[in-house]
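*Asks:* Got a sequence here, can you build the structure:
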Amino acid sequence: MAEDVKDRIIKGAAELFKRKGIKAVTMDEIAVKLSISKRTIYENFKDKQSIINSCLDSTFKNLEDEMNDISKTSSNPVEALFCMFEYVDIVVREYNKQFFEDLVGTVTEDDYKDKKYRHRALISAKVKSAIDEGFFRNELGVDIITALLTQNFSPLIAELNELGLHPSPLELKLRVNLILLKGIATQKGAKVINELQEKASLKMSGNITTE
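*Replies:* Predicted coordinates for the structure are as follows:
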C-alpha cells in the first residue's frame with residue numbers, strides 16, 4: 001500500500017514538473033493534485049529534492065526501456081538510431097521548456113554522468129553495428145561519432161543567442177544529427193535514411209526557426 005502511494009506521488013509530481021517546470025511546483029500543489037496531505041508526502045519522501053530525484057529516475061528508466069525496445073524491434077541499426085531520435089523528439093515536445101532550464105543545478109554531477117554514460121552506451125552499440133554492417137563509414141570511429149550524436153548543444157545555443165539567433169535546441173540537435181548520419185552513411189546507409197525520413201513524422205525540410 002505504501003509503495004502504491006509512493007508511486008502515485010512520483011507520477012503526480014512528474015506530471016506537474018512536465019507541465020510547469022520543476023521550481024514552480026510546490027509540495028502543496030502535489031498534495032492538492034493527488035488529494036492527499038503534505039504529511040503523507042513527507043512520510044514517503046524526505047523533501048522535494050527526493051521527489052525530483054525519484055521522478056527523474058522513473059522518467060529516464062521509461063525512456064531507456066522504450067529505446068531498448070526500439071533497438072530490439074528495428075530491422076537495422078540505422079533505423080534504430082533514427083527512431084530513437086524521433087522518439088526523444090516526441091517525448092521532449094511534451095515538456096514545458098522551463099523544465100529543462102530548471103534541471104541545471106537540480107541533478108547532481110554523478111547522477112548526470114551515470115545517465116549520460118548509459119545513454120551513450122546504447123547509442124554507441126548501434127553506431128558500431130551500423131559500421132560493422134556497412135551502413136556507416138568508419139573514418140571518425142565509433143567513439144567520436146557517438147560523442148557527436150550525444151553532445152550537449154547548450155554552448156552552441158548560447159553562442160547563437162548572442163548573435164541574435166534563437167533556434168529551438170531540440171530542432172537544431174535533430175537536424176544536426178540527421179546531417180551527421182547522412183554524412184557518415186555509405187550508399188547503403190543513405191538509402192535507408194532517405195526511406196525512413198520519407199515515412200517518419202519528423203520532417204527535415206525548410207529552414208530552422210530562429211524566433
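
*Asks:* can you pull the buried residues of stretch 65-77?
*Replies:* Buried positions in stretch 65-77, judged by neighbour count with 16 or more other Cβ atoms under 10 Å: 67, 70-71, 74, 76-77. (Glycine included, C-beta is placed from N, CA and C.)

*Asks:* Check the offset of it from the chain's centre.
*Replies:* 15 Å (Cα atoms, centre = their mean, to the nearest Å).

*Asks:* one step back: what two of the buried residues of stretch 65-77 have the greatest distance between them?
*Replies:* Taking Cβ to Cβ as the measure, the buried residues of stretch 65-77 span a maximum distance of 15.8 Å, between M67 and N76.

*Asks:* so what's L140 up against?
*Replies:* L140 sits next to 148, 184 when contact means Cβ atoms under 8 Å, 6 or more residues apart in numbering.

*Asks:* residue boundaries of the helices in this protein?
*Replies:* Along the chain, the stretches classed as helices by DSSP state H are 2-20, 27-34, 38-44, 48-73, 77-92, 97-103, 109-132, 142-149, 154-162, 169-184, 187-199.

*Asks:* Pipe the buried residues of stretch 65-77 into a markdown table and attach pLDDT and distance to E86 per row.
*Replies:* Listed next are those as a markdown table, based on pLDDT from 0 to 100; distance: Cβ to Cβ, whole Å:
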| residue | pLDDT | distance to E86 |
| --- | --- | --- |
| M67 | 92 | 11 |
| I70 | 94 | 9 |
| S71 | 92 | 13 |
| S74 | 95 | 11 |
| N76 | 96 | 15 |
| P77 | 96 | 15 |
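
*Asks:* Of all residues in the protein, which one is nearest the centre?
*Replies:* Centrality entry for the chain: nearest residue to the mean C-alpha point is V88, 4.9 Å, by Cα atoms, centre = their mean.

*Asks:* How many residues are close by F60?
*Replies:* The number of residues packed near F60 is 15, by other Cβ atoms under 10 Å.

*Asks:* scratch that, N194
*Replies:* Neighbours of N194 under the rule other Cβ under 10 Å: 12.

*Asks:* Same question for I41.
*Replies:* Applying other Cβ under 10 Å, we find 23 residues neighbouring I41.

*Asks:* do E198 as well
*Replies:* Residues within reach of E198, counting by other Cβ under 10 Å, total 8.

*Asks:* again with E79
*Replies:* If we define neighbours as other Cβ under 10 Å, then E79 has 20 of them.

*Asks:* In this structure H166 contacts L172, no?
*Replies:* No. Using Cβ atoms under 8 Å, H166 is not in contact with L172, being 10.3 Å away.

*Asks:* Let me know the pLDDT of I208.
*Replies:* Note on I208: pLDDT of 45.

*Asks:* do the one 3 residues further on as well
*Replies:* The confidence metric pLDDT takes the value 51 at E211.

*Asks:* Report the outermost residue of this structure with respect to its centre.
*Replies:* Distance from the C-alpha centroid of the chain peaks at R39, with 33.2 Å (Cα atoms, centre = their mean).
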